[in-house]
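**Student:** Model the following, please.
(one chain, ligands or ions: 1)
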Amino acid sequence: MNEAANRNGSKAARKNNKTESNGGSARTNGHRRPVLITGGAGFIGSNLAHRLLASGERVIIFDNLSRPGVELNLRWLRSLYPNTLEVQIADVRDFRTLLTAVSRASHVFHLAAQVAVTTSLKDPIFDFEVNTRGTLNLLEALRTQKNPPPLLFTSTNKVYGDLAHLELTPDSTRYCPTDTGILSRGVSEETQLDFHSPYGCSKGIADQYVLDYARTFDLPTTVFRMSCIYGPHQFGNEDQGWVAHFLIRAVNEEPITIYGDGRQVRDVLFVEDLVSAFLLARENLPAVVGNAFNIGGGPANTTSLLELVGRLERMLNRPCKLDFDTIRRGDQPYYVSDTTKFREATGWSPEVGIREGLDRLHGWILESSGRLLLAVTAHQASQPLLNVPALSGGSSDGRAAISGVRK
Ligand SMILES: NC(=O)c1ccc[n+]([C@@H]2O[C@H](COP(=O)([O-])OP(=O)(O)OC[C@H]3O[C@@H](n4cnc5c(N)ncnc54)[C@H](O)[C@@H]3O)[C@@H](O)[C@H]2O)c1
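**Tutor:** Below is the predicted model:
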């Protein structure tokens, strides 16, 4: 455990570590309790659920299916794990239902969110209700428990604002920071918080509540401030999930719109590496509770938008059609995560490089192309994806048939 984590490790962490080692809160009548994943039907949640279920754990997915396409992730998981997966179609704004789910959980991963900056600009109150109020509901549900399950909250790099203070020099494909520390390590958790956009505010406030509930109420909570995550089961669209969105558009030979000059740099992290980080955080509670960690691909896995397009062109062996539009307000020209704090706390580092990650995402897009098309159409119509064809091996029922709590 690193010194900072040790210093910050709260009473809650120490208490919870004891509980974990003697199996107290995690077990009822000798059975391990299920892991609760809010937003578990989504891209990251379904990948996490898959890893847990594959290792024999029980999982409750709590999701309102508001993201077009995610029903398909549920069908995939239900076809593989009919006996150990429970699905609760519900909303994090509904405190009572959330409380019941929390009371049964050994561990909570909180992923449910309004995820798009663009949507937050159109409807800031809705964005606040889901992201801030929904997270506060969850924290309050935890606070009522005799042995509160540990909670990991998925925050975002957007809490650091547009990082306008970073000095950058452009080259032909990307912006480069002049600060050699930023260039070699990335942006650390010491960076000043500076919420931009309603989404930045709603997630940022939730992030602060989650940390404060560890401090004030001794709850075993942790925050991941995540950069750009990509991989299979991501129904990327123009508003969120840009790597998958670019690749889906390129595969379909449709134009990609780049907002700004395309030299913006991000560190990208393959979803399986993120899932490994989630599980390491769960195994190392004393080192992580009460802490926020920047999580991303780090300096070894950076790409600009233009460089990603170049990779896709080489991968597909044809040029991509590009349109350019004005840069989106608050967009960070350069963001790369410094993941040193989490590495020192748990030993984690990403294993999947960009080339391998893109190949695996490409494979999933090819095998899902018909279903992806439906999801994209539903997104354009701003509607949930209803009555999609069943996945092979899954049941043929529609959305109505998976409402309520089910195995
Ligand atoms: N994907 C990324 O690159 C990235 C980066 C930083 C942070 N995050 C955060 O990670 C989390 C998961 O992101 P994702 O990429 O898997 O997104 P996603 O949209 O695929 O998953 C979110 C899930 O939450 C569900 N949901 C939305 N509102 C809900 C509500 N009110 N009640 C219950 N369920 C609700 C959606 O139906 C969806 O299944 C989000 O909190 C997001 O802000 C993601």
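**Student:** Dump the helix or strand harbouring C201 to CSV, restricted to CA.
**Tutor:** For C201, the host element (DSSP states H and E) is helix 197-217. Below are the C-alpha coordinates for helix 197-217, written out as CSV (Å, rounded to 0.1, in the frame of the first residue of the first chain):
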residue,chain,number,x,y,z
SER,A,197,-20.6,21.5,-18.2
PRO,A,198,-23.6,20.2,-16.3
TYR,A,199,-22.3,16.6,-16.8
GLY,A,200,-19.0,17.7,-15.3
CYS,A,201,-20.8,19.2,-12.3
SER,A,202,-23.2,16.4,-11.7
LYS,A,203,-20.5,13.7,-11.8
GLY,A,204,-18.1,15.9,-9.9
ILE,A,205,-20.5,16.6,-7.1
ALA,A,206,-21.3,12.9,-6.9
ASP,A,207,-17.6,12.2,-6.8
GLN,A,208,-17.1,14.5,-3.9
TYR,A,209,-20.1,13.1,-2.0
VAL,A,210,-18.8,9.6,-2.4
LEU,A,211,-15.4,10.6,-1.0
ASP,A,212,-17.0,12.6,1.8
TYR,A,213,-19.2,9.7,2.9
ALA,A,214,-16.0,7.8,3.6
ARG,A,215,-14.7,10.7,5.6
THR,A,216,-17.9,11.7,7.4
PHE,A,217,-19.8,8.5,7.8
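**Student:** Of all residues in the protein, which one is closest to the ligand?
**Tutor:** G42 (2.0 Å; Cβ to the nearest ligand atom). To be clear about C-beta, it is placed using only N, CA and C from the backbone, and glycine gets the same treatment.
**Student:** thought that residue was touching R67?
**Tutor:** Yes. In this structure, G42 is within contact of R67 by Cβ atoms under 8 Å, at 5.7 Å.
**Student:** contacting residues for the residue of the chain closest to the ligand?
**Tutor:** The contact partners of G42, by Cβ atoms under 8 Å, 6 or more residues apart in numbering, come to D63, R67, V70, N73, L111, A112, V115.
**Student:** Nearest residue to the fourth one in space, please, no chain neighbours.
**Tutor:** Just to be clear, that refers to N73. Computed as Cβ to Cβ, 6 or more residues apart in numbering, the closest residue to N73 that is not its neighbour in sequence is S46, at 3.7 Å.
**Student:** my guess is that neighbour is in a helix, correct?
**Tutor:** Yes. According to DSSP: H, G, I helix; E, B strand; the rest coil, S46 belongs to a helix.
**Student:** what about it, how many neighbours?
**Tutor:** By other Cβ atoms under 10 Å, 25 other residues sit near S46.
**Student:** quick one: it and H233 touch, right?
**Tutor:** Yes. Using Cβ under 8 Å, S46 is in contact with H233, at 4.9 Å.
**Student:** For the residue of the chain closest to the ligand, report the pLDDT, please.
**Tutor:** As predicted, G42 sits at a pLDDT of 98.
**Student:** So it versus G69, what's the distance?
**Tutor:** Using Cβ to Cβ, to the nearest Å, G42 is found at 9 Å from G69.
**Student:** Just list the residues touching the spatially most central residue of the chain, thanks.
**Tutor:** The centroid of the chain falls nearest to I44 when counting by Cα atoms, centre = their mean (5.1 Å). By Cβ under 8 Å, 6+ apart, the contact set of I44 is L111, T154, I229, V271, L274, V275.
**Student:** which of these come close to the ligand?
**Tutor:** Of the residues in the contacts of I44, proximity to the ligand by Cβ under 6 Å from any ligand atom holds for L111, T154, I229.
**Student:** top of those by neighbour count?
**Tutor:** T154 (27 neighbours).
**Student:** any idea of the angle the helix or strand hosting it forms with helix 197-217?
**Tutor:** For T154, the host element (DSSP H and E) is strand 151-156. Strand 151-156 and helix 197-217 are oriented at 150 degrees to each other (axes from the mean of the first three to the mean of the last three Cα atoms, to 10 degrees).
**Student:** Buried residues in strand 151-156, which are they?
**Tutor:** When burial is assessed from 16 or more other Cβ atoms under 10 Å, strand 151-156 yields the following buried residues: L151, L152, F153, T154, S155, T156.
**Student:** if we can go back for a sec, could you name the helices and strands sitting against the helix holding C201?
**Tutor:** Secondary-structure packing of helix 197-217 (3 or more Cβ pairs under 8 Å, 6 or more residues apart in numbering; DSSP states H and E): helix 11-21, helix 117-122, helix 124-128, helix 134-143, strand 151-156, strand 221-226.
**Student:** Spell out which parts of the stretch 51-200 of the chain neighbour the ligand.
**Tutor:** Going by Cβ under 6 Å from any ligand atom, the residues of the stretch 51-200 of the chain near the ligand are 63-67, 70, 91-93, 111-115, 130, 134, 154, 156.
**Student:** The stretch 301-407 of the chain: helices as residue ranges?
**Tutor:** In the stretch 301-407 of the chain, helices defined by DSSP state H, counting those that start in this stretch lie at 305-316, 340-346, 354-367, 369-380, listed in chain order.
**Student:** Could you single out the most deeply buried of the ones you listed?
**Tutor:** helix 340-346 (a mean of 20; mean count of other Cβ atoms under 10 Å).
**Student:** pLDDT weak spots in the stretch 51-200 of the chain?
**Tutor:** Within the stretch 51-200 of the chain, no range satisfies pLDDT under 70.
**Student:** now do the same end-to-end measure for stretch 266-274.
**Tutor:** With Cα to Cα, to the nearest Å as the measure, stretch 266-274 spans 16 Å from end to end.
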